[in-house]
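Engineer: Quick one: sequence plus predicted model below, questions after.
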Amino acid sequence: MLSDFLDRAKSGQSVYICEVRDAQGDDCPIVKCVIEPATGEPRQYIIPIPKSSNPQEEMFVREYFYANIYNILSILGGKHMCVYINPEDEHIVELCKSLETVFQVSLSKAERTGYGKCLNVADRVNGALGYPPFNFFVSSEKSDFIKPPEISHQPSDACEIFRSAVKKAENAVVCGIDIGGTDIKVVGTRDGSIAEKKEYDWRPSDMKTIDELIAPIILMVRVMSAAMSLPDTVLGNELCEELLRKEATDKEMLASLETAENEFGEFITFDAIGVNFPDVVIYNKIVGGETPKTQTIREVSKDYEGEFSKLLNLGDLLKKYCKSGAPINMANDGSLAAYTAAVELAFSKYADIAENGVFAHTLGTDFGTGWIDEKGEIPQIPLEMYNCVVDLGSYPARQFEATDLRSVLNFGTSIAGTPQKYGGQFGAYRLAIKEFEKGQGLLYKQLIDKGFIEERDSGIYVVLSPQDMRKPLLEYIMELADNNVPQAEQVFREIGKFLAAIWCETEFILSPKAKDRVLFGRFIKSRNCFKLMAEGANQVRQLTLEAGDDELAFSPLMVELKENPHFTVAQFGQAVGAVYFAAADL
């Protein structure tokens with residue numbers, strides 16, 4: 001069995017971690033482990049450990065075992081984990097005793113690499129909640145395994161919770177901010193209608209300080225406040241148009257704000273602000289710190305922990321633009337995607353789906369995951385699915401550095417097989433190159449000729465200068481799929497297969513009551529690409545995918561957005577979801 005997995009891995013095929021677990025028989029040795037999260041009840045897992053017969057198989061088993069532990073920690077975080085072992089299984093004893101070293105428990109956050117990176121997030125969460133750093137405990141004692149958390153089968157009022165948030169927004173002035181990896185989208189609503197919208201391109205991965213990262217967010221809130229305040233006069237309309245112009249520079253917007261303040265006085269303050277932030281958010285505090293958005297800051301900062309901690313104050317900085325006591329609700333982008341889907345479903349004929357909560361993924365610059373449980377709440381866990389190891393194979397693609405478009409290595413951890421290179425935009429790039437190089441490679445050559453990618457230093461990279469071609473490249477691949485180019489169609493089928501493997505991993509670790517998956521992001525703009533992903537997913541596992549596109553628009557604000565000829569739900573849906581998320585606590 002292991003030799004078959006290795007043959008597939010060497011040939012460049014995926015070997016999903018769930019496949020390896022599922023292939024083990026009842027007589028297979030096991031590791032029992034109990035994780036105690038920083039929030040919520042302890043959880044238990046049984047990890048079957050295959051027996052190896054040669055060094056290559058032994059290395060594969062080690063990677064498989066560490067990946068299981070890593071995935072649990074990436075999703076749940078934790079105060080500590082206890083692993084229970086049978087002393088007679090010597091190879092398992094050695095594996096478990098190596099956990100502290102492999103995960104670099106005793107090293108500082110700055111020194112940790114690879115698997116140790118997940119403990120940086122766990123330790124930041126623990127520190128924010130007043131707990132000591134994470135640790136492992138290995139025990140050979142027989143232990144009564146804890147009972148798994150009970151899932152309530154009582155009727156839920158989740159849909160009523162979602163509908164209540166929408167009702168509250170009808171009597172308030174709210175700002176919703178969707179912060180992505182390449183753009184920020186902002187929506188301002190007044191009394192249940194969309195007053196203004198703004199789209200702003202940025203590149204946080206190039207920023208060197210947290211102040212640089214925070215400044216555009218604050219600027220967008222100021223712009224929205226001003227745009228919603230300006231009078232219907234010649235000057236007022238001119239200033240509003242300039243502020244909301246997508247191509248307006250920071251300098252131009254600041255100048256317009258100064259003019260508007262001098263001419264018209266103070267701007268409105270918001271009743272609530274909702275923020276969709278691409279990092280781990282626990283109890284409205286940004287505590288992750290390991291995403292590509294802060295990569296440069298991590299590399300150049302002399303005190304990254306002190307620098308990153310400034311993000312904890314983002315909510316306080318936004319209070320300046322709100323009425324006293326206004327809720328400022330922040331959540332991870334994946335969580336907001338799930339929340340947005342839940343609200344829309346609650347207003348549709350499919351409301352019964354939302355009663356079980358919603359599990360969602362965002363497919364865009366990166367790969368996001370969000371979960372609203374059957375109580376209508378966002379579980380306060382890291383849920384860093386984009387960091388989880390899902391593919392233990394694809395060996396040839398591991399030889400390339402992470403920034404090479406052919407690579408399956410994670411940008412932040414250099415660990416292979418994570419969703420970042422399978423489900424986000426870099427997954428589409430990688431798969432396109434793999435598919436386009438087949439045959440005579442004409443499609444691949446077109447990517448170079450059209451200026452999307454470049455070959456240099458023995459690698460293949462997206463062209464970023466003089467024009468950033470990341471968005472245009474993804475749009476081109478999607479256009480080819482829409483035009484039924486077989487190689488491009490296969491790209492999205494492969495992404496769908498990986499989504500099914502991710503489903504299996506979330507089932508193993510979380511077992512959410514919500515079994516369907518709702519997809520958001522640029523990939524969903526094309527109905528054909530979505531259908532191809534659904535087709536690929538069902539080749540691996542019977543799985544229902546729902547598209548978070550214009551069809552998932554049932555609440556009043558989302559219907560208004562859908563009917564706007566200049567914007568789409570795919571563009572501003574998450575920002576509208578942030579509006580509802582903020583209004584929920586009014």
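Structural biologist: Structure's in. What do you need? Numbers count the residues shown, from 1 in each chain.
Engineer: Against which helices or strands is the helix or strand of the chain with the lowest mean pLDDT packed?
Structural biologist: Ranked by mean pLDDT, DSSP states H and E, the weakest helix or strand in the chain is helix 351-354, scoring a mean of 84. Applying 3 or more Cβ pairs under 8 Å, 6 or more residues apart in numbering; DSSP states H and E, one finds that helix 351-354 contacts helix 158-169, helix 333-346. The way it works is simple: take the backbone N, C-alpha and C, and place the C-beta from them, glycine included.
Engineer: quick one: buried residues of it?
Structural biologist: Residues of helix 351-354 classed as buried: 351, 353, 354 (neighbour count, 16 or more other Cβ atoms under 10 Å).
Engineer: ok, now how distant is the last one from residue 510?
Structural biologist: When Cβ to Cβ, to the nearest Å is the yardstick, residue 354 and residue 510 sit 18 Å from each other.
Engineer: swap in the second one?
Structural biologist: Between residue 353 and residue 510 the computed distance is 18 Å (Cβ to Cβ).
Engineer: and what of the first one?
Structural biologist: Applying Cβ to Cβ, the value for residue 351 to residue 510 is 23 Å.
Engineer: quick check, distance from the longest helix seen in the chain to the centre of its chain.
Structural biologist: Secondary structure of the chain per DSSP state H: the longest helix is helix 486-509. In terms of Cα atoms, centre = their mean, to the nearest Å, the centre of helix 486-509 is found 15 Å from the chain centre.
Engineer: so what does the next helix or strand after it touch, helix or strand wise?
Structural biologist: The element immediately downstream of helix 486-509 (helix or strand, assigned by DSSP states H and E) is strand 517-520. Counting contacts by 3+ Cβ pairs under 8 Å, 6+ apart, strand 517-520 packs against helix 333-346, strand 358-363, helix 486-509, strand 545-547, helix 569-583.
Engineer: Make CSV out of the ones you listed and add mean neighbour count and mean pLDDT.
Structural biologist: Listed next are those as CSV, based on neighbours: other Cβ atoms under 10 Å; pLDDT from 0 to 100:
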stretch, mean neighbour count, mean pLDDT
helix 333-346, 30, 90
strand 358-363, 29, 90
helix 486-509, 22, 97
strand 545-547, 22, 88
helix 569-583, 28, 93
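Engineer: closest to residue 78 out of the ones you listed?
Structural biologist: helix 486-509 (11.9 Å; Cβ to Cβ).
Engineer: quick one: contacts for residue 29?
Structural biologist: By Cβ atoms under 8 Å, 6 or more residues apart in numbering, the contact set of residue 29 is 48, 49, 51, 86, 89, 92.
Engineer: Which strands or helices does the helix or strand where residue 4 lies pack on?
Structural biologist: Using DSSP H and E, the element containing residue 4 is helix 2-10. Judged by 3+ Cβ pairs under 8 Å, 6+ apart, the packing partners of helix 2-10 are helix 55-76.
Engineer: And the next helix or strand past the helix it packs on?
Structural biologist: Immediately after helix 55-76, counting by DSSP H and E, sits strand 80-84.
Engineer: Within its sheet, name the partner strands of that following strand and how each one runs.
Structural biologist: With DSSP bridges as the test, strand 80-84 is paired with strand 30-36 (antiparallel), strand 135-139 (parallel).
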